[in-house]
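Student: curious how this folds, go ahead:
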Amino acid sequence: IYFVVLRFSNSANESPTIEIVVPEAPSSGKPAVPRRSDIDFLRIVVVWLILLYHTVDIYIPYAKYYVKDYGPGGIFGLSFFISMNVWNIPMFFFLSGASVYFALFRRTELKFREERLHRLLVPAFTLAVTSLTYSLIFFAPLAENCKQYYQGVKEFNSSLPYKNCEMFYKFTKNDTFKDFMKRIYLPFASPHQGWFLIYLFTFSQLLATWFSTFHPNHNGDEMSGPDCCGQKTSCCSKPFSLATKIFGCFHFFCKPASTPTEFVDAVYWWLGSCVKLAVFPSLWIGIVEALFRHFFPDGNLGMFSVFYDFCNDVKYIFVFILGYALTAADGHGIKEVIKKGKWWYFVSGTIVLFVYTGCVMYIRPLLFLPLYLLVTGLLRGFGEWLFILGSYAVCRDIITKTYHWISVLSVIAMPYYLTHQQVRNK
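Tutor: I've put the predicted structure just below:
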């Protein structure tokens with residue numbers, strides 16, 4: 001990978017120059033693999049769509065914001081909100097899994113763990129500490145219903161179609177600013193949109209050794225065994241027995257593997273056709289949604305929600321692994337499978353999302369709850385995976401060159417994502 005470093009001369013008469021810096025070769029002596037522009041481009045698009053997603057959220061019915069629209073515009077916005085809520089964050093985890101594969105060409109396992117700490121956990125805690133910005137609402141003019149809530153009125157007499165105070169942190173005239181701050185920071189300050197970073201940090205630490213085991217720069221047929229926490233020692237020696245592979249997590253969803261070659265073979269065994277690639281992940285996600293979403297609803301996200309948000313944990317870590325697996329097997333037949341079905345994945349995913357949105361908005365009162373959960377869970381699983389896979393496949397086929405503007409916007413994307421809520425809300 002080539003890093004472009006802009007160095008500005010101290011001399012006012014000299015223009016900025018661009019220096020191409022070639023990083024040191026990985027410890028294995030194998031050449032580094034460049035990042036793929038299609039992954040960066042897709043990440044940029046998702047970040048900007050999430051800005052639109054959260055902006056639409058302000059105006060639709062039922063969301064906790066001031067402006068409400070109960071006309072056709074509100075229904076359209078709600079439809080967009082429901083459908084995008086299915087795939088936007090899973091798409092981030094999928095792309096993050098793909099990025100891990102490239103990151104391990106440049107880092108040892110220990111360096112990868114350290115980099116994840118600085119890149120993910122530190123920004124998340126920084127966002128939590130800077131929740132102070134949300135306290136500014138204590139001094140802002142209040143909407144009609146919130147004025148009545150401030151005065152202690154329980155039964156709202158409002159000319160507005162909604163009958164409650166639309167604030168995340170409500171307060172009355174008896175509350176001091178100190179009381180209001182406690183409500184924001186206790187028991188733990190929220191990382192807000194940085195919750196995603198805590199999930200990703202946790203998954204990265206849990207899976208770092210597993211990823212290294214199946215990475216060509218960290219393990220191979222000629223090595224005695226996988227590295228342990230970045231050290232050139234082996235937990236166990238090759239050849240591994242079947243029991244060691246299964247109980248030692250040397251497998252890809254129970255298909256035994258202990259080397260990168262065996263891993264990509266296992267990936268192809270599971271996902272090596274258009275039908276397999278479309279159905280197996282969709283079915284798994286759909287079953288998880290049907291069984292657990294009712295008990296672990298969307299939106300319960302906080303500083304430590306990764307430890308009890310079981311439905312999202314199972315789904316996100318699965319998509320995270322798939323992102324790594326498909327990237328690792330890209331040159332071993334998976335690329336052709338993805339390319340062959342790209343438009344089928346994308347179009348069918350869009351249609352399923354449309355059907356799922358209609359079911360959530362209009363069908364729920366008509367179905368017995370278990371049947372509703374089964375139908376919407378499966379629809380959500382198929383819509384989520386097919387749309388992610390289709391978007392990834394189409395970008396993979398269209399974005400084949402590296403452009404400077406993609407590199408620039410890719411660098412901006414994550415900082416912008418982490419701060420856009422605070423900027424927009426203010």
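
Student: name the element residue 289 belongs to?
Tutor: helix 274-292 (DSSP states H and E).

Student: show me what that helix is packed against.
Tutor: Secondary-structure packing of helix 274-292 (3 or more Cβ pairs under 8 Å, 6 or more residues apart in numbering; DSSP states H and E): helix 260-271, helix 310-328, helix 334-340, helix 342-358, helix 369-398. Placement of C-beta: from N, CA and C, glycine included.

Student: so which of the ones you listed is nearest residue 411?
Tutor: Proximity to residue 411 (Cβ to Cβ) singles out helix 369-398 among those, at 18.5 Å.

Student: what is the helix or strand just after that closest one packed up against?
Tutor: Sequence order places helix 404-425 as the next helix or strand after helix 369-398, per DSSP H and E. Judged by 3+ Cβ pairs under 8 Å, 6+ apart, the packing partners of helix 404-425 are helix 37-59.

Student: and the helix or strand that comes right after the helix it packs on, what's its mean pLDDT?
Tutor: With elements assigned by DSSP H and E, the helix or strand that comes after helix 37-59 is helix 72-103. Across helix 72-103, pLDDT averages out at 91.

Student: so who does residue 192 touch?
Tutor: When contacts are counted by Cβ atoms under 8 Å, 6 or more residues apart in numbering, residue 192 touches 127-128, 131, 421-422.

Student: apply 7 Å and report the result again.
Tutor: Taking Cβ atoms under 7 Å, 6 or more residues apart in numbering, we find residue 192 in contact with 127, 421.

Student: what of residue 372?
Tutor: residue 364.

Student: I'd like the distance between residue 352 and residue 392.
Tutor: Applying Cβ to Cβ, to the nearest Å, the value for residue 352 to residue 392 is 16 Å.

Student: low-confidence ranges in the stretch 201-350 of the chain?
Tutor: Scanning the stretch 201-350 of the chain for pLDDT under 70 picks out 220-248.

Student: picking up where we left off before, now tabulate the helices and strands packed on helix 274-292 in TSV and tack on distance to residue 147.
Tutor: Formatted as TSV, the helices and strands packed on helix 274-292 follow (distance: least, Cβ to Cβ, whole Å):
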stretch	distance to residue 147
helix 260-271	57
helix 310-328	37
helix 334-340	55
helix 342-358	35
helix 369-398	38
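
Student: ok, which of these comes nearest residue 137?
Tutor: The nearest among the helices and strands packed on helix 274-292, by Cβ to Cβ, is helix 310-328 at 28.1 Å.

Student: buried ones in that closest one?
Tutor: Neighbour-count burial for helix 310-328, with 16 or more other Cβ atoms under 10 Å as criterion, is recorded at 311-328.

Student: for that helix, packing partners?
Tutor: helix 72-103, helix 195-213, helix 260-271, helix 274-292 (3 or more Cβ pairs under 7 Å, 6 or more residues apart in numbering; DSSP states H and E).

Student: tabulate those (a markdown table), appending mean neighbour count and distance to residue 175.
Tutor: Shown next, in a markdown table, are these (neighbours: other Cβ atoms under 10 Å; distance: least, Cβ to Cβ, whole Å):
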| stretch | mean neighbour count | distance to residue 175 |
| --- | --- | --- |
| helix 72-103 | 20 | 31 |
| helix 195-213 | 20 | 26 |
| helix 260-271 | 20 | 55 |
| helix 274-292 | 19 | 37 |
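
Student: among those, which is nearest residue 402?
Tutor: Nearest to residue 402, of the helices and strands packed on helix 310-328 and by Cβ to Cβ, is helix 72-103 at 13.4 Å.

Student: next SSE after that closest one?
Tutor: Following helix 72-103 toward the C-terminus (DSSP H and E): helix 109-116.

Student: need the helices and strands packed on helix 310-328 in TSV with distance to residue 399, can you?
Tutor: Output for these, formatted as TSV (distance: least, Cβ to Cβ, whole Å):
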stretch	distance to residue 399
helix 72-103	13
helix 195-213	23
helix 260-271	22
helix 274-292	20
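
Student: start and end of stretch 105-114, how far apart?
Tutor: Terminal residues of stretch 105-114 are spaced 15 Å apart (Cα to Cα, to the nearest Å).

Student: quick one: buried residues of that stretch?
Tutor: Buried-residue list, stretch 105-114, by 16+ other Cβ under 10 Å: 105-109, 112-113.

Student: tell me how far it lies from the chain's centre.
Tutor: Mean-position distance between stretch 105-114 and its chain equals 21 Å (Cα atoms, centre = their mean, to the nearest Å).

Student: ok, now stretch 403-420?
Tutor: Here the centre of stretch 403-420 is set off from its chain's centre by 15 Å, with Cα atoms, centre = their mean.

Student: got the contact list for it?
Tutor: Contact with stretch 403-420 is made by 4, 37, 40-41, 43-44, 47, 50-51, 123, 127, 193-194, as judged by Cβ under 7 Å, 6+ apart.

Student: show me which of those are buried.
Tutor: 37, 40-41, 43-44, 47, 50, 123, 127, 193-194.

Student: by pLDDT, give me the weakest of these.
Tutor: Of all these, residue 193 carries the smallest pLDDT score, 82.

Student: that one against residue 301, yeah?
Tutor: No - using Cβ atoms under 7 Å, residue 193 makes no contact with residue 301, being 9.0 Å away.

Student: which one of the buried ones among the contacts of stretch 403-420 is nearest residue 359?
Tutor: Minimum distance to residue 359 across the buried ones among the contacts of stretch 403-420 is 23.5 Å, recorded for residue 50 (Cβ to Cβ).

Student: how about that closest one, nearest residue that isn't a chain neighbour?
Tutor: In space, and not counting its chain neighbours, residue 50 is closest to residue 88: 5.8 Å by Cβ to Cβ, 6 or more residues apart in numbering.

Student: surely that neighbour and residue 54 touch.
Tutor: No - at 10.1 Å, residue 88 does not count as touching residue 54 under the criterion of Cβ under 7 Å.

Student: list the contacts for residue 286?
Tutor: 377-378, 380-382.

Student: got the residues you listed as JSON lines, with pLDDT and neighbour count columns?
Tutor: Listed next are those as JSON lines, based on pLDDT from 0 to 100; neighbours: other Cβ atoms under 10 Å:
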{"residue": "377", "pLDDT": "95", "neighbour count": "22"}
{"residue": "378", "pLDDT": "96", "neighbour count": "19"}
{"residue": "380", "pLDDT": "96", "neighbour count": "28"}
{"residue": "381", "pLDDT": "97", "neighbour count": "24"}
{"residue": "382", "pLDDT": "97", "neighbour count": "25"}
